[in-house]
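*Asks:* I would like to see how this sequence folds:
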Amino acid sequence: MRVLVADDQPGIRKRICLTLASIIALEVCEEAADGQEAVEKAEESNPDLIILDVTMPVMNGLDAARKIRGFSPKTPILILTMHKSRQLMEEARKIGVRGYVVKAEAGQSLSSAVSAVMQSQTFFPTEF
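*Replies:* Numbers count the residues shown, from 1 in each chain. Below you'll find the model as predicted:
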C-alpha cells in the first residue's frame, strides 16, 4: 500500500511517516507541504491512501480532498488534524473522506484509522 502524507509541518510529516512505517505493508510514497502540492502528487502518483491535514497553506486539506475526489473518487482519504471539531468532521464526511483523526489522539488511533479506511470502512470519533 502506497501512502501520500500532506502536512505543512515537516516534523509532523516525519512522525506520521514513522508511524506508518511501523504498519506492515505501508509505504509512504509521497509527501506534500500544502494542499495544492497534495492534489498534484495525488494525481501523479495515484496512491492507495491519502492522509491530509486540514490547516495547510495555499489550499486547505478539505479543499484538497474535494479536488482529489474529482479525479480519484475511490481513493481513501483520512484527515489528520489538530482541530477537534464536529463541524469540520461532518464537512469532511460530506466530501467523502473516510476517516478523521485528531493529532493529539493519533498515537492511539492512527493505526486503527488506517486499517479501517483501507478495508472500505470509516473511522470517525463518536465524541468531541
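*Asks:* quick one: secondary structure of the residue nearest to the spatial centre of the chain?
*Replies:* Nearest to the geometric centre of the chain sits residue 51, at 1.8 Å (C-alpha atoms, centre = their mean). For residue 51, the secondary structure call by DSSP: H, G, I helix; E, B strand; the rest coil comes out as strand.
*Asks:* Isn't it up against residue 3?
*Replies:* Yes. Counting by C-beta atoms under 8 Å, residue 3 is a contact partner of residue 51 at 6.5 Å. Heads up, the C-betas are built off the backbone N, CA and C, glycines and all.
*Asks:* Would you enumerate the residues in contact with the closest residue to residue 59 other than its chain neighbours?
*Replies:* Among residues not flanking residue 59 along the chain, residue 35 sits closest, at 3.0 Å (C-beta to C-beta, 6 or more residues apart in numbering). Residues counted as contacts of residue 35 (C-beta atoms under 8 Å, 6 or more residues apart in numbering) are 6, 52, 56, 57, 58, 59, 60, 61, 63, 64.
*Asks:* 10 Å - rerun?
*Replies:* Applying C-beta atoms under 10 Å, 6 or more residues apart in numbering to residue 35 gives the contacts 6, 8, 52-68.
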